[in-house]
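S.K.: Need coordinates for the following:
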Amino acid sequence: MKRSEINQIIENADAFIRSFGFILPPFAYWRPDDMQARRADIARIIEARMGWDITDYGQGDFANLGLFLFTLRNGTAADRTQNTGFCYAEKIMISRQDQISPMHRHVFKTEDIINRGGAILALEMFESGPDGKLDRSAPVPVTTDGQKRLQKPGEVLRLNPGESVTLCPGNWHKFWGEGGDVLIGEVSAVNDDLTDNIFEAPIGRFADVEEDETPRHLLVSDYDKYLGSNKEGGR
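M.R.: Numbering: from 1, shown residues only. Okay, the predicted model is just below:
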């Protein structure tokens, strides 16, 4: 993805989020030099990889295969393994109409995916087999707003604004906006995008960035380069 495209996506996403009365925290609007100047005071933001996250999964087709995310709060791998400190995470995401977030599962993370407004959020789901691979024959037990239900393999769950689904480790899922763009909330256990995403297809988690202009704001995947981030924790 070109940096100019990323900069524009950030501007459009901020406007879309604000249209629902949701305001991002102040650190969302720091410029790269602001973050560099505050480097000694923002270790939690950097280590937990809080902030902007725009991905085309390395495939170069963001409009059809991609996702916008902003991580508002998060713990680290140490928090998760020691079960102390910040053992939770929260994100706000945007799934554009028919824009696929590809089939994947998590190893450790349980997450609530919430339609915060806009169109319908559609999710296709499968269960894991004993080997962890996608099982196309097993029913899928899920919980929607506290109510247990059993989905057929590959059945599409459609969430209207205000509705949510709880996805446990091993629940394979892909999702997209149906009939329009969707603002999505995620509340979960500690998020670690470096090690906890298993994709069905051999794709990457982050975008490859072509620097055709200066970054307006850093992505979490920029932290190592610009801020000397260590690689503990994340999502």
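
S.K.: Okay, buried residues for the least confident helix or strand in the chain by mean pLDDT please.
M.R.: Ranked by mean pLDDT, DSSP states H and E, the helix or strand of the chain with the weakest confidence is helix 77-82, at a mean of 85. For helix 77-82, the neighbour count (16 or more other Cβ atoms under 10 Å) marks 77, 79, 80 as buried. C-beta here means a position set from N, CA and C on the backbone, and glycine is covered the same way.

S.K.: Quick one: residues contacting the second one.
M.R.: Okay, so that is residue 79. 85, 86, 87, 190, 233 (Cβ atoms under 8 Å, 6 or more residues apart in numbering).

S.K.: and with 7 Å instead?
M.R.: 85, 86, 87, 190 (Cβ atoms under 7 Å, 6 or more residues apart in numbering).

S.K.: Skipping adjacent residues, who's closest to it in space?
M.R.: residue 85 (4.2 Å; Cβ to Cβ, 6 or more residues apart in numbering).

S.K.: that's a strand at that neighbour, yeah?
M.R.: No: secondary structure assignment places residue 85 outside any strand; it is coil (DSSP: H, G, I helix; E, B strand; the rest coil).

S.K.: Please name the nearest non-neighbouring residue to residue 199.
M.R.: Using Cβ to Cβ, 6+ apart, the closest residue to residue 199 is residue 104 (4.7 Å).

S.K.: could you measure the one you found against residue 202, distance?
M.R.: 12 Å (Cβ to Cβ, to the nearest Å).

S.K.: Please identify which of those two sits among more neighbours.
M.R.: residue 104 (19 against 5; other Cβ atoms under 10 Å).

S.K.: list the helices and strands the longest helix anywhere in the chain packs on?
M.R.: The single longest helix within the chain, with elements called by DSSP state H, is helix 3-18. With contacts taken as 3 or more Cβ pairs under 7 Å, 6 or more residues apart in numbering; DSSP states H and E, helix 3-18 sits against strand 51-55, strand 89-95, strand 172-188.

S.K.: between those strands, which one is nearest to residue 126?
M.R.: strand 172-188 (4.2 Å; Cβ to Cβ).

S.K.: Backbone dihedrals for the residue sitting nearest the centre point of the chain, please?
M.R.: Residue closest to the average C-alpha location in the chain (Cα atoms, centre = their mean): residue 69, at 4.9 Å. Main-chain torsions, residue 69, degrees, to the nearest 10: phi -140, psi 150.

S.K.: which residues in the protein form helices?
M.R.: 3-18, 32-37, 43-47, 77-82, 223-227.

S.K.: burial of residue 84, as a residue count?
M.R.: Residue 84: 10 neighbours (other Cβ under 10 Å).

S.K.: same deal with residue 27?
M.R.: 15.

S.K.: likewise residue 58?
M.R.: Residue 58 has 13 nearby residues by other Cβ under 10 Å.

S.K.: for residue 87, same thing?
M.R.: 12.

S.K.: residue contacts, it?
M.R.: 75, 79, 80, 189, 190.

S.K.: let's see it at 6 Å
M.R.: Shown in contact with residue 87 (Cβ atoms under 6 Å, 6 or more residues apart in numbering): 75, 79.

S.K.: Residue 25 and residue 99, how far apart?
M.R.: In terms of Cβ to Cβ, residue 25 sits 25 Å off from residue 99.

S.K.: Pick out whichever of these two has more residues nearby.
M.R.: residue 99 (21 against 12).

S.K.: Could you give the backbone dihedrals for the more buried one?
M.R.: According to degrees, to the nearest 10, residue 99 has phi -90, psi 120.

S.K.: I'd like the numbering to begin with 816 instead of 1 from here.
M.R.: All set: I'll call the first residue 816, so the last point we hit is now residue 914.
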